[in-house]
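Trainee: sequence-free structure coming up:
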Ligand SMILES: Nc1ncnc2c1ncn2[C@@H]1O[C@H](COP(=O)(O)OP(=O)(O)OP(=O)(O)O)[C@@H](O)[C@H]1O
Ligand SMILES: O=C(O)[C@H](O)COP(=O)(O)O
């Protein structure tokens, strides 16, 4: 992959695809980790005299303008972190974007509005995606891919634009790939992957492949209920991917054949509703009441998961064990994070935490970020890398 040092950026418009998909509470950014992670590449380009045009997505507005998903608050925060103004374009490739980009001087930076307001960005139709990619590429002369968290998406800004412009990988993508490579080459065993979170349908798909690589898979968070249901248990109103139950039964059989241990929760915090102050009880994972939803792993599961991590030599963890944003349901995530911290370091394990919310959880729980071997900005992206898949955004940068 070409890197920033291979591009002559002085006086030129450089489109930087960043991952600025941060958690928001209204207009308040609750964790700015991904914005911070994007700063070094942008800073380097500005210091080298480029006109920097940053593009990114926020949430999943599905091709429609929706003010709830505006990047405007992100532009403000990026400006604070860079210590200079960030011009904000109120659209992606329209009059505002063109005007904002045209007005940039060397060493100035702009952020375009949410890429996913445009249906072309995520379109499965090559022609529609390509047409949007041409408009986006038309805003710049060079392209830098630095949105590691989105490199697994075959989207216009990730996959098509680098085919249209001279390009390079940014420092974040370079650094992330270097660490993840260590997880795929000469992996020390036992190799344990911990999966949780809410993007269940997305991430169930990676399991088939992971089962060929890992010794143990711990499943918590919103991911666990589809497994419990597949084993025939009642999961009440918990997060469930009904259409993937057969697939999950296949994983359970395959794991058994391969001698891979799949470890599921034995107890959960079952709440009457999805709320910070929801009434809840610890119940057996095999007996979740029909009117309750599991919002965290229970105390026995926390001990079980810690025990299953105690001899690990390599650990990758993606996805919180519960709804950590609510204090009452953050204990499971804390327990797993602490088990990883206890394992990290000399004579212990190489531990990687990946994902926007997983990293945010570590910070929200005020755990030492430098206590892990690495905290990655990508969850789904890291998982797909670990599967050994070709990631569209990396393949495009390699060409
Ligand atoms: N039992 C549960 N029920 C509902 N939501 C849950 C549950 N457990 C965890 N979550 C939610 O999962 C979300 C994070 O999931 P997600 O899969 O997006 O992880 P991530 O670390 O952000 O990875 P990525 O970077 O791929 O998005 C959190 O907002 C958390 O509240
Ligand atoms: O949060 C993430 O994992 C990345 O920003 C990608 O977002 P997506 O899962 O909505 O494509």
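Mentor: Sure thing, it's come through. It should be emphasised that the depicted structure is a prediction, and the values quoted were computed from it without experimental measurement. Residues are numbered from 1 along each chain as shown. Ligands and ions are numbered 1, 2, ... in the order given.
Trainee: Backbone dihedrals for residue 240, both of them.
Mentor: Taking degrees, to the nearest 10, you get phi -150, psi 140 for the backbone angles of residue 240.
Trainee: burial count for it?
Mentor: 19 (other C-beta atoms under 10 Å). Every residue, glycine included, has its C-beta placed from N, CA and C.
Trainee: For it, give me its contacts.
Mentor: Contact partners of residue 240, counting by C-beta atoms under 8 Å, 6 or more residues apart in numbering, are 200, 225, 226, 229.
Trainee: Near whichever residue of the stretch 201-350 of the chain sits closest to ligand 2, how many other residues are there?
Mentor: Closest residue of the stretch 201-350 of the chain to ligand 2, C-beta to the nearest ligand atom: residue 202 (6.3 Å). Using other C-beta under 10 Å, residue 202 has 15 other residues around it.
Trainee: Tell me the spacing between the closest residue to ligand 1 within the stretch 1-150 of the chain and residue 93.
Mentor: Ligand 1 sits closest to residue 149 of the stretch 1-150 of the chain, with a gap of 5.5 Å, by C-beta to the nearest ligand atom. Distance of residue 149 to residue 93, given as C-beta to C-beta, to the nearest Å: 22 Å.
Trainee: Pick out whichever of those two has more residues nearby.
Mentor: residue 149 (28 against 25).
Trainee: so that one makes contact with residue 381?
Mentor: Yes. Counting by C-beta atoms under 8 Å, residue 149 touches residue 381, with 5.4 Å between them.
Trainee: in what helix or strand does residue 361 lie?
Mentor: In this assignment (DSSP states H and E), residue 361 forms part of helix 356-364.
Trainee: helices and strands around that helix, which ones?
Mentor: helix 33-47, helix 331-343, strand 374-376 (3 or more C-beta pairs under 8 Å, 6 or more residues apart in numbering; DSSP states H and E).
Trainee: Residue 186 is nearest to which of the ones you listed?
Mentor: Closest of these to residue 186 is strand 374-376, at 16.4 Å (criterion: C-beta to C-beta).
Trainee: Is ligand 1 within reach of the helix or strand following that closest one?
Mentor: Sequence-wise, the next helix or strand downstream of strand 374-376 (DSSP H and E) is helix 380-387. Yes. On the criterion C-beta under 6 Å from any ligand atom, helix 380-387 is in touch with ligand 1 at residue 380.
Trainee: Same check on stretch 271-286?
Mentor: No. If you take C-beta under 6 Å from any ligand atom as the test, stretch 271-286 misses ligand 1, and the best it gets is 7.3 Å.
Trainee: Endpoints of that stretch, how far apart?
Mentor: By C-alpha to C-alpha, to the nearest Å, the extent of stretch 271-286 from end to end equals 15 Å.
Trainee: Could you pull up the mean pLDDT of it?
Mentor: The pLDDT scores in stretch 271-286 average 98.
Trainee: how near is residue 71 to residue 58?
Mentor: Residue 71 sits 5 Å away from residue 58, taking C-beta to C-beta as the criterion.
Trainee: so what's in contact with those two at the same time?
Mentor: Shared contacts of residue 71 and residue 58, counting by C-beta under 8 Å, 6+ apart, come down to 20, 114.
Trainee: Please identify which helix or strand holds whichever residue of the stretch 151-300 of the chain sits closest to ligand 2.
Mentor: Ligand 2 sits closest to residue 153 of the stretch 151-300 of the chain, with a gap of 5.1 Å, by C-beta to the nearest ligand atom. Assessed by DSSP H and E, residue 153 sits outside every helix and strand.
Trainee: can you check residue 132 too?
Mentor: Assigned by DSSP H and E, residue 132 falls in helix 126-137.
Trainee: Please name the residues that touch residue 71.
Mentor: 20, 56, 58, 88, 111, 112, 113, 114.
Trainee: Right, I'll leave it there.
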